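Undergrad: no FASTA, just this:
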């Protein structure tokens, strides 16, 4: 019913084929390598009571295994608590972050950590820091007049 | 050329509107929409200039004006107000032109109701932005609480656009009744498709604004479900970009063939393309929410697949447009593999400006694939990469095409001539725009990959080494912004001339509508059975959204109280 010229058929076949390969690669990476975007389906929080409920009543960095840590961070206008965390080289950090007021962001440039912090939910992501240095993290979702002042640091030390 | 075009879109049986002129009542309605959109461009461009120069550290803003306020004005006036007014004006013009040459009386009334609703809504929203009561950006994410009048203003803008759509449907329905067993003219078909897409998507932002945000901002209800509001917003927010893009495609498919002296390549495939856009641009909003908690991975991935499906109609469009250009170039004597390229009317701003937009759309589309990719998104989400991307799509491809449209549409409406000098100025304008966008948008992509966040006022982040490197890129971006502002002044000058000063023409000015290639087959009837396609589009949305929305409702904390954080 829809007549297509031969060249258009070739063009569409190549394009659609590339698309299928691309989606397959993405899907295989997701399913077999577990490469999913940051998630957080388990915990819900009452935003304005975040500071009195576990685990956010004691934010900070906790060691949970050999060179493995959990970073529990509260975001608020306009900052993070804590806003500096220090880990040794090669540390795996499980971030667990929520917001106690509006929507914020949490991005560590140079890594794949890039989270949206939605009040009521807890965002989770795991990142391993193999390079020593001072990583900046910033709020990347507009949250009000002081948005540009909302940042912190992950300090990765060469020696423990 | 073009004085005796037949409306062969309707398989050649109808006779042409050879000296086509709009009825005064129709041209007034269209001019009102187009003219209003120019105001929005002017104010939005000033906001853009101040904003980009502030972020680079070149200027300091006075106490009564802040960066985020300007950003809100820039987004609302350009992304929502300008586009909606211009698109509805343009669609009205083409529908009147191709459906018996005039609008129905009902369409005119609906069109004016829509115009006034949108205008009142715009004024309300703009006032609350200027008084700094709604510095929430055009995405107005809860629980930041703007003035209730801001939400009411945006709701009026959306509802007004629906009245505009109903007017077009009214004209289309009358035509179908009077022309049984004929397929409708391509322009009208595409206008209807665009507006069906728009109605489907904007219904959901209207639900967000009317049922969630307005009662909450007035204090009638205490709390708002933030995840739900974001999901409703992005249900609309991604389709919104296709509401901008499809009118540009209409120009490329239907009007440009006549401008280049060619023919519309096929009568069926463009229709199929638009149907595919209806199907695959709504059930995909989660790719804007890939990095947020509360939405299951499976649903995110499903929507990524659906998002990528738009690659297919985009490839079909690229093929059809290039084929049209090649056939036109060859019919003018172009030889060899690429000889036809030189035969195209490069000195005609109606062509040149739009082609600039088409070329820019190639990297723009590639960037879009990156943004929507399940994992790659983590590198670019909410960085300046994204801002760079939509400055290539909407602010370059779509806008340049709209400029090209305005260069013949305003003359048709006002009877004034797009003179040689104005044409030359328009070409300079398009080149300036491309240079400005190259500096601005390309650098935004690069600095975004380095991690610079979008939507952020001037900051050195405590002098952090990496953040300081971002600042030098910001200078180049600001330089691009200044060039773009000069280009906007040029286009405003051209528009002002076409509206009020250019010499009046004695002859009729051509409204270009391409003729369909004689060999093109008659489009299958199924393509015009709208109820079927609307049904499929709703079904796809239910598949993609029903369970995740149920989960959002179940996985629901008590909701958020309102905050004013500016």
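TA: Thanks, I have the structure now. Because the structure is a prediction, the values reported are computed rather than measured. Residues are numbered from 1 along each chain as shown, chains lettered A, B, ... in the order given.

Undergrad: Spatially nearest residue to residue 56 (excluding sequence neighbours)?
TA: No chain was given, so I picked chain A. Nearest non-adjacent residue to residue A:56, counting by Cβ to Cβ, 6 or more residues apart in numbering or on different chains: residue A:50, 4.8 Å away. Quick note: C-beta positions are derived from backbone N, CA and C, even for glycine.

Undergrad: I was after chain B.
TA: Residue B:56 sits nearest to residue B:478 (Cβ to Cβ, 6+ apart), 3.7 Å away.

Undergrad: Ok, residue B:475 next?
TA: residue B:56 (5.1 Å).

Undergrad: For the residue nearest to residue B:56, what is the enclosing helix or strand?
TA: Applying DSSP states H and E as the criterion places residue B:478 in helix B:465-496.

Undergrad: Tell me the helices and strands packed up against the helix or strand that that helix is followed by.
TA: Per DSSP H and E, the first helix or strand lying C-terminal to helix B:465-496 is strand B:515-516. Contact here means 3 or more Cβ pairs under 8 Å, 6 or more residues apart in numbering or on different chains; DSSP states H and E; on that basis strand B:515-516 packs against strand B:263-264.

Undergrad: Past the strand it packs on, which element shows up next along the chain?
TA: The helix or strand immediately downstream of strand B:263-264 is helix B:269-281, counting by DSSP H and E.

Undergrad: now the strands for chain A?
TA: Secondary structure of chain A (DSSP state E): strands located at A:60-65, A:68-76, A:79-81, A:84-88, A:91-99, A:104-107, A:114-117, A:123-129, A:133-138, A:151-157.

Undergrad: looking at those strands, which is closest to chain B?
TA: Proximity to chain B (Cβ to the nearest Cβ) singles out strand A:114-117 among the strands of chain A, at 3.6 Å.

Undergrad: Now tell me what touches that closest one from outside.
TA: Defining contact as Cβ atoms under 8 Å, 6 or more residues apart in numbering or on different chains, one finds that strand A:114-117 is touched by A:38, A:75, A:95, A:97-99, A:103-108, A:123, A:125, A:140-141, B:289, B:291-293, B:377-379, B:381-382.

Undergrad: swap the cut-off to 7 Å and go again
TA: Under the contact criterion Cβ atoms under 7 Å, 6 or more residues apart in numbering or on different chains, strand A:114-117 has outside partners A:38, A:75, A:97-99, A:103-107, A:123, A:125, A:141, B:291-292, B:378, B:381.

Undergrad: So the residue nearest to residue B:56 versus chain A, what's the distance?
TA: According to Cβ to the nearest Cβ, to the nearest Å, residue B:478 stands 16 Å off from chain A.

Undergrad: tell me, how many neighbours does that residue end up with?
TA: Around residue B:478 there are 23 other residues, counting by other Cβ atoms under 10 Å in any protein chain shown.

Undergrad: Verify the contact between it and residue B:54 for me.
TA: No. With contact defined as Cβ atoms under 7 Å, residue B:478 and residue B:54 do not form a contacting pair (8.9 Å).

Undergrad: re the thing from before, tell me the helices and strands packed up against the helix holding residue B:478.
TA: Helices and strands touching helix B:465-496, by 3 or more Cβ pairs under 7 Å, 6 or more residues apart in numbering or on different chains; DSSP states H and E, are helix B:24-55, helix B:399-414, helix B:420-437, helix B:443-449.

Undergrad: deepest of the ones you listed, which one?
TA: The highest mean neighbour count among the helices and strands packed on helix B:465-496, using mean count of other Cβ atoms under 10 Å in any protein chain shown, belongs to helix B:399-414: a mean of 24.

Undergrad: Return the list of helices and strands in contact with it.
TA: Partner elements for helix B:399-414 (3+ Cβ pairs under 7 Å, 6+ apart): helix B:24-55, helix B:83-98, helix B:349-372, helix B:420-437, helix B:465-496.

Undergrad: same thing but 6 Å
TA: helix B:24-55, helix B:83-98, helix B:349-372 (3 or more Cβ pairs under 6 Å, 6 or more residues apart in numbering or on different chains; DSSP states H and E).

Undergrad: residues in contact with residue 82?
TA: No chain in the question, so chain A it is. For residue A:82, the contact set (Cβ atoms under 6 Å, 6 or more residues apart in numbering or on different chains) comprises residue A:60.

Undergrad: The chain in question should be chain B.
TA: Counting by Cβ under 6 Å, 6+ apart, residue B:82 has contacts B:37, B:40-41.

Undergrad: which intervals of the chain have sub-threshold pLDDT?
TA: Because you didn't say which chain, this covers chain A. A:1, A:160 (pLDDT under 70).

Undergrad: Chain B was what I was after
TA: For chain B, the ranges with pLDDT under 70 are B:1-18.

Undergrad: three-state assignment of the residue positioned nearest the centre of it?
TA: Nearest to the mean C-alpha position of chain B, counting by Cα atoms, centre = their mean, stands residue B:244 at 1.6 Å. Under the three-state scheme (DSSP: H, G, I helix; E, B strand; the rest coil), residue B:244 adopts helix.

Undergrad: I'd like the distance between it and residue B:78.
TA: 10 Å (Cβ to Cβ, to the nearest Å).

Undergrad: that older thread, the residue nearest to residue B:56 touches residue B:55, doesn't it?
TA: No. Using Cβ atoms under 6 Å, residue B:478 is not in contact with residue B:55; the gap is 7.2 Å.

Undergrad: tell me which element residue B:68 falls in.
TA: Assessed by DSSP H and E, residue B:68 sits inside helix B:67-74.

Undergrad: Touching that helix from outside, list them.
TA: Against helix B:67-74 from outside (Cβ under 6 Å, 6+ apart): B:44, B:47-48, B:50-51, B:54, B:129, B:132, B:135, B:137, B:457.
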